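>>> next one to model:
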Amino acid sequence: MQQKFLLLIGSIVIITILASGSCNKPPYYLPYKNVKGFVIGSETCTGNPDDEYWLVDLTFRANTPQYGDTLLLNGATYTNVVKTKGLRDLKAVGKRVSIDFDTITSTKIETTGCTVSNPVTYKLKEIFVINLFEML
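Numbers count the residues shown, from 1 in each chain. Got it, this is the predicted structure:
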């Protein structure tokens, strides 16, 4: 009986210490941000779609922060466009994507070293993808 009582008291003490140790801590924030958008096109610089930058319009949701730039593409004006090489298997115009990222360049990136004649490149900010998901 005395052992059960000591075990109960010990358990209460341990639970109290663990519970009080988690108080007054700041909330946990993920080390990345998430944004959703549409794949709207790609650059043509190397001739290999796997090596090209792909363009993503980040206006999928209302009140999305202004990460990108305005771009006129095929007669349509997009207002929050970035480019990335991190789309993996979602490299298709019209795909809806959810991107976890930690960095977007503060300046526009100009693609250089193109190997095709008449390259099509855009001077846009680049987003570095951590995780990527297709939205259905």
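>>> after the helix or strand that contains Ile12 comes which helix or strand?
Ile12 is part of helix 2-21 when elements are defined by DSSP states H and E. Going down the chain from helix 2-21, the next helix or strand is strand 33-42, by DSSP H and E.
>>> by mean pLDDT, point me to the weakest helix or strand of the protein.
helix 2-21 (a mean of 77; mean pLDDT, DSSP states H and E).
>>> for that helix, C-alpha coordinates in CSV please.
The C-alpha coordinates for helix 2-21 follow below in CSV (Å, rounded to 0.1, in the frame of the first residue of the first chain):
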residue,chain,number,x,y,z
GLN,A,2,2.8,2.4,0.9
GLN,A,3,4.6,1.6,-2.5
LYS,A,4,1.4,2.5,-4.4
PHE,A,5,1.0,5.7,-2.5
LEU,A,6,4.7,6.7,-3.1
LEU,A,7,4.3,5.8,-6.8
LEU,A,8,1.2,8.0,-7.0
ILE,A,9,2.9,10.9,-5.3
GLY,A,10,6.0,10.5,-7.5
SER,A,11,3.8,10.5,-10.6
ILE,A,12,2.0,13.6,-9.5
VAL,A,13,5.3,15.4,-8.9
ILE,A,14,6.7,14.4,-12.3
ILE,A,15,3.6,15.5,-14.1
THR,A,16,3.5,18.8,-12.3
ILE,A,17,7.2,19.4,-13.2
LEU,A,18,6.6,18.6,-16.9
ALA,A,19,3.5,20.7,-17.1
SER,A,20,5.1,23.7,-15.4
GLY,A,21,8.1,23.5,-17.6
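>>> what residues of the helix holding Ile12 count as buried?
Neighbour counts over helix 2-21 (16 or more other Cβ atoms under 10 Å) mark no residue as buried. All C-beta spots, glycine's among them, are computed from the backbone N, C-alpha and C.
>>> ok, now stretch 63-78?
Applying 16+ other Cβ under 10 Å to stretch 63-78 flags 67-69, 71, 78 as buried.
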